[in-house]
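J.: Fold the following.
(one chain, ligands or ions: 2)
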Amino acid sequence: MTPSSTLFDKLWQEHCIQSDASGEDLLLIDRILLHERTGAVALEALREKGREVKTPAHVFCTMDHIVSNRPGRTRNEARTPGGDVFISSTRESAARSGVTLIDIDDARQGIVHVMAPELGIVQPGVSIVCPDSHTCSLGAFGALAWGIGSSAAEHALATQTLKQKKPANMRVTLKGGLHPGVYAKDIVLALIAQIGAGAAANHAVEFTGGGVRQMSMEGRMTLCNMAVEFAAFTALIAPDEKTFEYLAGREFAPTGAQLDDALSWWRDLASDEEAVFDKNITLDTDALAPQISWGVSPEQSGGIDQTLPFIADLPAEKRKAAENALAYMELQPGQRLLGEAVDGAFIGSCTNGRIEDLRAAAYILKGNQVSPDVKAICVPGSQAVKRQAEAEGVAEIFKQAGFEWGEPGCGYCFYAGGDTFAPGARVVSSTNRNFEGRQGPGVRTHLCSPATVAASAIEGVIADPREAGGVRPV
Ligand SMILES: CC(C)[C@H](C(=O)O)[C@@H](O)C(=O)O
Ligand code: SF4
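T.: Ligands and ions are numbered 1, 2, ... in the order given. Next up is the predicted model:
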């Protein structure tokens, strides 16, 4: 490696087995994650071809996408019509192939991108793939983590390798600090609004700067989670003491002499000072207000206290999309979003379903009631998050405020055919995608932080968390 390599270059090189004339590299894959929606398909396809999983000990499968989020759900309960078949076939394929299955009733169950860090499956420096686009979340640990399709998953399962063309390097520097009421979610929404939803196509993005160092691991995961929403191949953050502390004592994390070895490697995982990035973006976080999306792409977002754009003020190529978005969202150009009535409030998902997210919301909800016009739901990202929230009184605050308290999974984030809000409902949501129908037929999603969801749920209208009974310091 030259003394001017990026962290991404180093991790790529470390895993590159062979380069060929086509420009694709053959990479060693250290870990594979699967879920019952796309993972089971890959395992089944492999079986049909008479192939075996090469290294079952490195493959972890969970149930998250189509399982019901209903409190007290049963072992086979799916909200997707026919979803129980996916569940049982995942069980069969996992047992047959010998991979680790974290089943619905396992105390470790959770959304794949929440569960993998909690169990220490993701670690700095490892390569890790999953047939799911938000696998980039795991780059927060300084891992080479990216989402793949089902057929690539088959290839990875059968060979523990993947062919991939190397993307270019992009650096996003967060200049400035973190301020009350402005969270990782606000920062990444502001970034996407500024640079556009396609800005990082064919790039791996490294987040750097004081803002990143100040962030908790939860915040860093939120940041990296949304990288795919501006088309990045993946995102990553150089690991530091916060990363090592987070991983300490986790089930699959190294211990003893192995940990000492790992730490001496992990501490070196950073871009060289001279490293050259193909694209550089700097975002001043000191200037940011809480953000909220107004359209049907995360790029159609802005400060919560701003007015919506007038179509004529937008660049010509953005006008049609903005017009269509406002029509779907039933909003007017130039209007304020603050004060717009909401019907639903959702806190959860792999973006913002972690304990820090729930604490930030609970800080605002404490002693308050959700507006009677709002259907409010919290689905913790994993059983571990749920247990912790219950142990420290956060769950009780949610329930007393009038939130439903669900079982961990993806429902409500992406419409799997069951859990949803009423058609046409305006929903403030801590999730990552807001395209038409994403949370159910006709549902109008406003992406924002859990604190903004909580403040808006209480007021019954879109509300600024900085004005809602205090804001938990970041
Ligand atoms: C179902 C799955 C493949 C999908 C993804 O890849 O992201 C889902 O998790 C999503 O968020 O839309
Ligand atoms: S929570 Fe939502 S974004 Fe995350 S993996 Fe599940 S469906 Fe995808």
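J.: residue in the stretch 351-474 of the chain nearest to ligand 1?
T.: The stretch 351-474 of the chain approaches ligand 1 most closely through Phe414 (4.5 Å), counting by CB to the nearest ligand atom. All C-beta spots, glycine's among them, are computed from the backbone N, C-alpha and C.
J.: Next: the chain.
T.: Proximity of the chain to ligand 1 (CB to the nearest ligand atom) peaks at Ser133, 3.5 Å away.
J.: So this protein: which segments form each domain?
T.: As assigned by the TED database, the chain contains the domains 7-166, 298-462.
J.: related to what we said a few turns ago, confirm for me that the residue of the chain closest to ligand 1 is in contact with Gly147.
T.: Yes - counting by CB atoms under 8 Å, Ser133 touches Gly147, with 4.1 Å between them.
J.: per-residue pLDDT, Gly39?
T.: Predicted confidence (pLDDT) for Gly39: 88.
J.: tell me the phi and psi of it?
T.: phi -70, psi -40 (degrees, to the nearest 10).
J.: Could I get the full set of strands for the stretch 351-474 of the chain?
T.: Along the stretch 351-474 of the chain, the segments classed as strands by DSSP state E, counting those that start in this stretch run 375-379, 404-405, 426-429, 444-447.
J.: Next up, the contacts around Thr243.
T.: For Thr243, the contact set (CB atoms under 8 Å, 6 or more residues apart in numbering) comprises Pro124, Ala140, Phe141, Gly142, Met217, Trp266.
J.: Which one of these is nearest to ligand 2?
T.: Ala140 (14.2 Å).
J.: Nearest spatial neighbour of the closest one, chain-adjacent residues omitted?
T.: In space, and not counting its chain neighbours, Ala140 is closest to Arg220: 3.9 Å by CB to CB, 6 or more residues apart in numbering.
J.: What helix or strand is Asp186 located in?
T.: helix 184-195 (DSSP states H and E).
J.: thinking Tyr328 is in contact with Arg438, fair?
T.: No - in this structure, Tyr328 is not within contact of Arg438 by CB under 8 Å, at 11.2 Å.
J.: ok, those two, which is more surrounded?
T.: With neighbours defined as other CB atoms under 10 Å, Tyr328 and Arg438 compare such that Arg438 has more, 19 against 16.
J.: what's the more buried one sitting at in phi/psi?
T.: phi -50, psi -40.
J.: contacting residues for it?
T.: Phe414, Tyr415, Thr431, Thr445.
J.: ok, back up a step: comparing Ser133 and Gly147, which residue is more hemmed in?
T.: Gly147 (22 against 16).
J.: Give me the phi and psi for that one.
T.: phi -80, psi 140.
J.: dump the residue contacts of it.
T.: Contacts of Gly147 by CB under 8 Å, 6+ apart are Val129, Cys130, Pro131, Asp132, Ser133, His134, Thr135, Cys136, Val228, Thr234.
J.: ok, now with 7 Å
T.: Cys130, Asp132, Ser133, His134, Thr135, Cys136, Val228 (CB atoms under 7 Å, 6 or more residues apart in numbering).
J.: Where is the longest strand in the chain?
T.: strand 168-175 (DSSP state E).
J.: Buried residues in that strand, which are they?
T.: If you call a residue buried by 16 or more other CB atoms under 10 Å, then strand 168-175 has these buried ones: Asn169, Met170, Arg171, Val172, Thr173, Leu174.
J.: Show me what that strand is in contact with.
T.: Residues contacting strand 168-175 (CB under 7 Å, 6+ apart): 6, 8-9, 187, 191, 200, 202-212, 277-285.
J.: May I see the ChimeraX selection of the buried members of those?
T.: Command for ChimeraX, covering only those of the contacts of strand 168-175 found buried under the criterion 16+ other CB under 10 Å:
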select :6,8,9,187,191,200,203,204,205,206,207,208,209,211,212,277,281,283,285
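J.: what about the chain, any weak spots by pLDDT?
T.: In the predicted model, the chain carries pLDDT under 70 at residues 1-2, 469-474.
J.: Ligand 2 contacts on that one?
T.: Residues of the chain lying close to ligand 2 by CB under 6 Å from any ligand atom are His65, Ile111, Asp132, His134, Ser349, Cys350, Cys410, Cys413, Phe414, Thr431, Asn432.
J.: Next, format the residues you listed as JSON lines and append neighbour count.
T.: Listed next are the residues of the chain next to ligand 2 as JSON lines, based on neighbours: other CB atoms under 10 Å:
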{"residue": "His65", "neighbour count": "24"}
{"residue": "Ile111", "neighbour count": "29"}
{"residue": "Asp132", "neighbour count": "26"}
{"residue": "His134", "neighbour count": "26"}
{"residue": "Ser349", "neighbour count": "29"}
{"residue": "Cys350", "neighbour count": "27"}
{"residue": "Cys410", "neighbour count": "28"}
{"residue": "Cys413", "neighbour count": "29"}
{"residue": "Phe414", "neighbour count": "18"}
{"residue": "Thr431", "neighbour count": "26"}
{"residue": "Asn432", "neighbour count": "26"}
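J.: Which ones among the residues you listed lie within helices?
T.: Ser349, Cys350 (DSSP state H).
J.: which element is the residue of the stretch 151-300 of the chain found nearest ligand 2 on?
T.: For the stretch 151-300 of the chain and ligand 2, the shortest gap (CB to the nearest ligand atom) falls at Asn225, measuring 7.5 Å. Using DSSP H and E, Asn225 sits in helix 217-225.
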